[in-house]
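Asks: I'd like to go over a predicted model; first the sequence, then the structure.
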Amino acid sequence: MRSIVIGGGVAGLAAAVQLAVDGSTVLLVESKDILGGRVRMRDSSSWLLDPGLHLLRRKGPLNQLLRKLRAPRVLGPRWNNGEMLAIDTDASQELTALATMSIGAEGVKRPEFVVPRGGWSSLVGRLIVAANQLDVMFDVGSHVEALALGPDGRLASVRVAGNDIECDELVLAAPPSESARLLESAGLDASELRRCTAQRAAALDIALEGRPMRPYTGLFDANRGIIAIDATAEDRIPEGADPSDCTILHAVNLAGDGPEALQGIKEFLDSRCSGWRDMAAARRSTNSIMLHPCSRSERVDGSTFIDSGITMAGCHVISEYHLSDAAVDTGRSAAKSLKLHR
Ligand SMILES: Cc1cc2nc3c(=O)[nH]c(=O)nc-3n(C[C@H](O)[C@H](O)[C@H](O)COP(=O)(O)OP(=O)(O)OC[C@H]3O[C@@H](n4cnc5c(N)ncnc54)[C@H](O)[C@@H]3O)c2cc1C
């Protein structure tokens, strides 16, 4: 089988690995110059500041996949969620907010988290290594322009940077609007995907020379919608620094995005982490970052176009999981559905 995966984020990489394991010849096409999707940014300073919290569910699909790929060095220490402070809510709501990055989500049972060793880039790197070992081919920095179906209504080719590449099946692991555009280029009805409304948030990632959050490992203010966690680990701080004297602080405003939302995070930290501004050694902030490509109720069935040899993956596809776990779950399911349908 000649399989193409569009999108080199976590979902696309998980799909590519699964397709290759199942014996396909796989080409993954990514439009940006680097693989990893939304989580590719990395700070160049000696502090390791992931883009966003990026805690990994200990028993979730991403962690399971990494275990299968025998990537123990990526699986960092368990994050201590027992020392979180819940403000105006209870501990279960707090953990649910952390596991889903949303307010008012359905309860998540006893979530446990790990901090990925070497940060999110190492984790994505491990997926890339696995794909390489399975002979997945990469076309990075090439935009997929259109899809074409044959007379039988099945996928015939994919147009990449002006060239038509013949193939038998496809996993679409691009965000909803781009997936919709590509499906429509083949005359397929993508109106469900068009209904997806991205949920955006303001975020602040900051390295502090001090422990202003002490004695807590995290804070969740239900009214303001703000989560802040301490993800300090030895591999995230400069050589020679003492981890008991540093904080790698990630904060996100789940209530929304924009300058006011970012300001809301800073004022929250002023009220709870006194002196943090004077301790900053490195920082990255964003007024608006896409947290979820759609709301949970807008998620679509990944097998809608299976008769055409096309499946979809990403956090906009129905899954019992959240965030990167949903990306991995839907990526692997998209690949497995294609195999079953051959
Ligand atoms: C602030 C923040 C905090 C987060 N915290 C956590 C957390 O604590 N735990 C957790 O598990 N998850 C977390 N996440 C979520 C996690 O980052 C995402 O769920 C995951 O990265 C999504 O991966 P994806 O592959 O589905 O999508 P993406 O990463 O968006 O990948 C899609 C890829 O498709 C490519 N593409 C688009 N169009 C085309 C085209 N035409 N041709 C070729 N390629 C194309 C894009 O360039 C992109 O690389 C967080 C996210 C943010 C923003």
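Replies: Structure's in. What do you need?
Asks: only C-alpha atoms for contact and neighbour calcs from this point on.
Replies: Will do.
Asks: Do I have it right that residue 117 meets residue 75?
Replies: Yes - taking CA atoms under 8 Å as the definition, residue 117 is a contact partner of residue 75 at 5.8 Å.
Asks: who touches both of the two?
Replies: Common neighbours of residue 117 and residue 75 are not found (criterion: CA atoms under 8 Å, 6 or more residues apart in numbering).
Asks: what about stretch 22-31, distance to the chain center?
Replies: For stretch 22-31, the separation from the chain centroid amounts to 20 Å (computed by CA atoms, centre = their mean, to the nearest Å).
Asks: my bad, should have said stretch 93-108
Replies: The chain centroid and the centroid of stretch 93-108 are separated by 16 Å, computed with CA atoms, centre = their mean.
Asks: now do stretch 103-111
Replies: Centroid separation between stretch 103-111 and its chain, computed with CA atoms, centre = their mean, is 18 Å.
Asks: give me phi/psi at whatever residue of the stretch 51-200 of the chain ends up closest to the ligand?
Replies: Distances between the stretch 51-200 of the chain and the ligand by CA to the nearest ligand atom are smallest at residue 54, namely 3.1 Å. The phi/psi pair for residue 54 (degrees, to the nearest 10) reads phi 50, psi 60.
Asks: what's the answer for residue 57, then?
Replies: When read as degrees, to the nearest 10, the backbone of residue 57 gives phi -70, psi 130.
Asks: Next: residue 283.
Replies: Backbone torsions for residue 283, taken as degrees, to the nearest 10, come to phi -150, psi 160.
Asks: now swap in residue 220 and tell me
Replies: In terms of degrees, to the nearest 10, the main-chain angles of residue 220 are phi -130, psi 120.
Asks: What distance do you get for the closest residue to residue 233 other than its chain neighbours to residue 210?
Replies: Leaving aside its sequence neighbours, residue 233 sits nearest to residue 243 (CA to CA, 6 or more residues apart in numbering; 6.7 Å). Relative to residue 210, residue 243 is positioned 9 Å away (CA to CA, to the nearest Å).
Asks: so what sits against both of those two?
Replies: Counting by CA under 8 Å, 6+ apart, nothing touches both residue 243 and residue 210.
Asks: Identify the single longest helix in the chain, thanks.
Replies: The helix that spans the most residues within the chain, counting by DSSP state H, is helix 323-341.
Asks: Counting neighbours, what do you get for residue 25?
Replies: 18 (other CA atoms under 10 Å).
Asks: mind listing what it touches?
Replies: Here residue 25 is in contact with 1-3, 19, 135-136 (CA under 8 Å, 6+ apart).
Asks: Make a ChimeraX selection of the buried ones in those residues.
Replies: Listed next is the ChimeraX selection for buried residues among the contacts of residue 25, using 16 or more other CA atoms under 10 Å:
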select :3,19,135,136
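Asks: Filter the contacts of residue 25 down to the ones in helices?
Replies: Among the contacts of residue 25, DSSP H puts residue 19 in helices.
Asks: So which bits of the longest helix of the chain are buried?
Replies: Neighbour-count burial for helix 323-341, with 16+ other CA under 10 Å as criterion, is recorded at 323-339.
Asks: and if you look at stretch 51-64?
Replies: 51-58, 60-63.
Asks: now do stretch 221-240
Replies: 221-222, 224-237.
Asks: cool, and stretch 244-251?
Replies: Neighbour-count burial for stretch 244-251, with 16+ other CA under 10 Å as criterion, is recorded at 246-251.
Asks: Return the member of these nearest to residue 92.
Replies: residue 251 (19.0 Å; CA to CA).
Asks: end-to-end on stretch 111-123?
Replies: End-to-end distance for stretch 111-123, by CA to CA: 20 Å.
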